[in-house]
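Engineer: this one's sequence-less:
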């Protein structure tokens, strides 16, 4: 059986900006695959190239064995794409919009009617289908957008930030919907910068940073690779760099400490990888006290996908988001530092 999605050495530039440097992905049928990374990492560009909305500068792409570059029309028939921004005609009802979408897909009238009713039921839109979309909440608009992307029964549903801006209840509805799709044999490719979303949904994950895949595997595999528990330590609210370096050298010598990373984006806090043990925090605090250093804050936890990103890049996903925002808007970084 052909791979649901095949991407090899994808590259894409926009003028002087290298949006995607080198991305390769292989996604099996009936799999939920998460593409994780901060805004500006290249996730949306990858999706746009896959869905024939942008032409890559180099690389190969295929959907269910169909080359996206050689046969884009057939590839589009096998794809459903739901963009991050929802665009609905406010004067149409939800049902009318789905009827319009089915006509765009050239679905036979009988098939279209069956698919519309199925999508409405699947996404819990029965009470809203005959109301104008201008009256919909953000969560309802997203659910209608998902329904429109499913009408032609695509092999692969591609979702760009499917729950961004939604409340918790709406996000859980979308999560359940995606799990049902997978059970029915649909492959789902989602991009997100919500760690808990990808961790909860995805069978496999690729983490992308600055246009390159920096890690891939199942969520469990990725977290196991970084090993140990995580300890986040702040010596002071804003620790001087020299003091952080001295603390790192001292803590690195403790027998249960595997690694220490200084996170300059968060006031030179220290992120430790430690062999799990009950007295780790107490031992670290005692070592700091003996060295004449205070403890402003300390916590211990199991590894997360953010720890995977931190280990690969030296910064957390939140730090990367802030850095990307400050590049687009210099005031953003100043606002963050004032908090």
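Structural biologist: Looks like it came in fine. As the structure is a prediction and not an experimental result, all values here were calculated from the model. Residues are numbered from 1 along each chain as shown.
Engineer: can you pull out the helices in the chain?
Structural biologist: 43-50, 72-77, 94-104, 109-122, 138-150, 168-183, 195-201, 219-226, 241-252, 280-290, 305-313, 317-328, 330-338 (DSSP state H).
Engineer: What is the shortest one packed up against?
Structural biologist: Okay, so that is helix 72-77. Under the contact criterion of 3 or more C-beta pairs under 8 Å, 6 or more residues apart in numbering; DSSP states H and E, the helices and strands touching helix 72-77 comprise strand 66-67. Where you see a C-beta, it was placed from the backbone N, CA and C, and this is true even at glycine.
Engineer: what distance separates the strand it packs on from the middle of the whole chain?
Structural biologist: A distance of 25 Å separates the centroid of the chain from that of strand 66-67, by C-alpha atoms, centre = their mean, to the nearest Å.
Engineer: So what are the sheet partners of that strand and their directions?
Structural biologist: The partner list of strand 66-67 in its sheet, established with DSSP bridges, is strand 58-63 (antiparallel).
Engineer: Quick one: end-to-end distance for stretch 145-160.
Structural biologist: By C-alpha to C-alpha, to the nearest Å, the extent of stretch 145-160 from end to end equals 12 Å.
Engineer: Which one of the helices of the chain lies nearest to residue 207?
Structural biologist: Relative to residue 207, the nearest member of the helices of the chain by C-beta to C-beta is helix 305-313, separated by 5.8 Å.
Engineer: buried stuff in the closest one?
Structural biologist: Taking 16 or more other C-beta atoms under 10 Å as the basis for neighbour counts, the residues of helix 305-313 that come out buried are 305-311, 313.
Engineer: Which residue of the protein lies farthest from its centroid?
Structural biologist: Within the chain, the residue lying farthest from the chain centre (C-alpha atoms, centre = their mean) is residue 290, at 42.3 Å.
Engineer: From residue 250, how far out is that one?
Structural biologist: Remark: distance between residue 290 and residue 250 (C-beta to C-beta, to the nearest Å) = 9 Å.
Engineer: any common contacting residues for the two?
Structural biologist: Common contact partners of residue 290 and residue 250 (C-beta atoms under 8 Å, 6 or more residues apart in numbering): none.
Engineer: residues touching the most centrally placed residue in the chain, list them.
Structural biologist: With distances taken as C-alpha atoms, centre = their mean, the residue of the chain nearest its centroid is residue 192 (2.1 Å). For residue 192, the set of contacting residues under the criterion of C-beta under 8 Å, 6+ apart consists of 34-36, 161-164, 198.
Engineer: about what we covered before: if you average pLDDT over each of the helices of the chain, which comes out lowest?
Structural biologist: With a mean of 47, helix 330-338 has the lowest mean pLDDT of the helices of the chain.
Engineer: pLDDT averaged over stretch 10-18, what's the number?
Structural biologist: pLDDT averaged over stretch 10-18 equals 95, rounded to a whole number.
Engineer: picking that back up, format the helices of the chain as CSV; extra columns: distance to residue 129.
Structural biologist: Converted to CSV, the helices of the chain look like this (distance: least, C-beta to C-beta, whole Å):
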stretch, distance to residue 129
helix 43-50, 28
helix 72-77, 26
helix 94-104, 5
helix 109-122, 5
helix 138-150, 9
helix 168-183, 16
helix 195-201, 26
helix 219-226, 36
helix 241-252, 57
helix 280-290, 54
helix 305-313, 37
helix 317-328, 36
helix 330-338, 40
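Engineer: Mean neighbour count, those helices: which tops it?
Structural biologist: By mean neighbour count, with neighbours taken as mean count of other C-beta atoms under 10 Å, helix 43-50 ranks first of the helices of the chain at a mean of 24.
Engineer: That one - contacts with which helices or strands?
Structural biologist: Contact analysis of helix 43-50 by 3+ C-beta pairs under 8 Å, 6+ apart lists strand 5-14, strand 17-27, strand 32-36, strand 58-63, strand 156-160, strand 187-192 as its packing neighbours.
Engineer: Go again with 7 Å.
Structural biologist: Packed against helix 43-50, as judged by 3 or more C-beta pairs under 7 Å, 6 or more residues apart in numbering; DSSP states H and E, are the following elements: strand 5-14, strand 17-27, strand 156-160, strand 187-192.
Engineer: How about residues contacting it?
Structural biologist: With contact meaning C-beta atoms under 7 Å, 6 or more residues apart in numbering, helix 43-50 is reached by 5, 7, 10, 12, 19-20, 23, 35, 37, 54, 56, 61, 68, 158, 160, 191, 208.
Engineer: Can you tell me which of these are buried?
Structural biologist: By the neighbour-count criterion of 16+ other C-beta under 10 Å, the contacts of helix 43-50 include these buried positions: 5, 7, 10, 12, 19-20, 23, 35, 37, 54, 56, 61, 68, 158, 160, 191, 208.
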